[in-house]
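Trainee: Just a sequence and a predicted model for now, questions to come.
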Amino acid sequence: MRPPSLVPWLGFTAAALAIAFAPTVADGGLLRLLSEVLITLAMAQMWNLLAGYTGLVSMGHQAFAGIGAYLLFVASDRLGISPYWMVPVAGLGGALLAAVVAPLMFRLRDAYFSIGMWVLAEIVRLLVAKFPLFGGESGVPLQAVRLVEAESFQQNAFWISGAIGLAAVAGVYLLMRSPFGLGLMAVRDNELAATSIGVNVWRNRFIAFVLSGLGFGLAGGAHFMGTMFVSPDSAFDINWVVTAMFIVIIGGIGTIEGPLIGTVIYFGLRELFNTWFAMSGGWYLIAMGCIAIAVMLLAPRGLWGLARERWGWRGLSVQRHPPPRDEASLSAPLPPSTQQGRTA
């Protein structure tokens, strides 16, 4: 594998500085939009980690976002603790739910896994709506918001969203450059071959599944903390996954750059269609669907995959390369045992 380039880390540093100083130049409305962008980017990276690098296409990851949001609200209100400190609890809730359901979900394959995850999310939504502790069907407000300063709440919520988005990109990059990431890609490409060389398929998928649940839990908790209200219909909305899927397909599945590019395109199209063309909900969905179909037909590997094939762009590449062989090793004589084996 090639040694890591400094360019990605310079990009991460620049992004961190931009997030840190954004509140000094952006108003509240722009900060809310940027928070949504960063949270959506984190969800897209987590969905891509599972679908693009392990081959598991989930239609139910909204369950982890919803359970993370509700845990943050309930823990903050019941314990009287600032919601800022409860964001990690939201992530742990998503990871715990993923760890509990993984043995059952992994018994399903391909489309059955996707449908099974969607059914799981609906079951969790119905259970949450039945408990008065969670506010029932009407939802629950974040009462613990009174424990934080109103003037700095939007700014702090943005920084939390920025940390989650940046951590998702950097975390997936580091993970996929590790030996564990190589095992994940081996499982995705050929499960039988990966097993034959000693890769623990179930363990690798389990870790990736739990990490994706952790990311969705963090993102869901941070998002609804910013809105200060959560309901079953909004928390467990399948559009969380549909949006992540659209972003990954447009940008390029199985790449780290794909969700980055797809997120920018998604929000650009959303603002264009809703603000400039004033499209209604139905026409907006039709337009976005047509764009997704066109990209899948013209660039099956996404826009970043197309750019990489045509111009050789690497970006945040995690591709492995065989070690170079020098001329001395190629011209060196074979050991006597090897020569005897060949002549035999």
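Mentor: Right, received. Where do you want to start?

Trainee: low pLDDT regions in the protein?
Mentor: Low-confidence segments of the chain (pLDDT under 70): 1-5, 315-344.

Trainee: which stretches of it form strands?
Mentor: 140-141, 229-230 (DSSP state E).

Trainee: Buried deepest among those, which one?
Mentor: Mean neighbours per residue, mean count of other C-beta atoms under 10 Å, is largest over those for strand 229-230, with a mean of 20. For every residue, glycine as well, the C-beta is placed using N, CA and C.

Trainee: just checking, what packs against that strand?
Mentor: helix 62-79, strand 140-141 (3 or more C-beta pairs under 8 Å, 6 or more residues apart in numbering; DSSP states H and E).

Trainee: Distance from the chain centre to it, please.
Mentor: 22 Å (C-alpha atoms, centre = their mean, to the nearest Å).

Trainee: List of residues touching it?
Mentor: Outside strand 229-230, the residues that touch it by C-beta atoms under 8 Å, 6 or more residues apart in numbering are 66, 69, 70, 73, 139, 140, 141, 142, 224.

Trainee: Can you say which two of those are spatially most distant?
Mentor: Based on C-beta to C-beta, the longest span within the contacts of strand 229-230 runs between 66 and 141 and measures 16.2 Å.

Trainee: Quick check: the residue nearest to residue 35 when sequence neighbours are not counted vs residue 61, distance?
Mentor: Nearest non-adjacent residue to residue 35, counting by C-beta to C-beta, 6 or more residues apart in numbering: residue 161, 4.0 Å away. Going from residue 161 to residue 61 by C-beta to C-beta, to the nearest Å gives 18 Å.

Trainee: Residue 67: neighbour count?
Mentor: 28 (other C-beta atoms under 10 Å).

Trainee: quick one: it from residue 143, how far?
Mentor: 19 Å.

Trainee: just to revisit the earlier point, can I get the strands of the chain in CSV with distance to residue 262?
Mentor: Converted to CSV, the strands of the chain look like this (distance: least, C-beta to C-beta, whole Å):
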stretch, distance to residue 262
strand 140-141, 32
strand 229-230, 26
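
Trainee: which parts of stretch 188-198 are buried?
Mentor: 188, 194 (16 or more other C-beta atoms under 10 Å).

Trainee: CA atoms only for that stretch - export them in PDB, please.
Mentor: Extracted C-alpha coordinates of stretch 188-198, given in PDB (Å, rounded to 0.1, in the frame of the first residue of the first chain):
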ATOM      1  CA  ARG A 188     -17.400  -7.200  -0.100                       C
ATOM      2  CA  ASP A 189     -15.700  -8.400  -3.200                       C
ATOM      3  CA  ASN A 190     -15.800 -12.200  -2.500                       C
ATOM      4  CA  GLU A 191     -17.000 -13.600   0.800                       C
ATOM      5  CA  LEU A 192     -15.900 -17.100   0.000                       C
ATOM      6  CA  ALA A 193     -12.400 -16.100  -1.000                       C
ATOM      7  CA  ALA A 194     -12.100 -13.800   2.000                       C
ATOM      8  CA  THR A 195     -13.000 -16.700   4.300                       C
ATOM      9  CA  SER A 196     -10.500 -19.000   2.600                       C
ATOM     10  CA  ILE A 197      -7.600 -16.600   3.400                       C
ATOM     11  CA  GLY A 198      -8.600 -16.300   7.100                       C
END
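
Trainee: starting at the chain centroid, how far to it?
Mentor: Taking mean C-alpha positions (C-alpha atoms, centre = their mean), stretch 188-198 and its chain are 24 Å apart.

Trainee: what does that stretch rub up against?
Mentor: 52, 53, 54, 55, 183, 186, 187, 201, 254.
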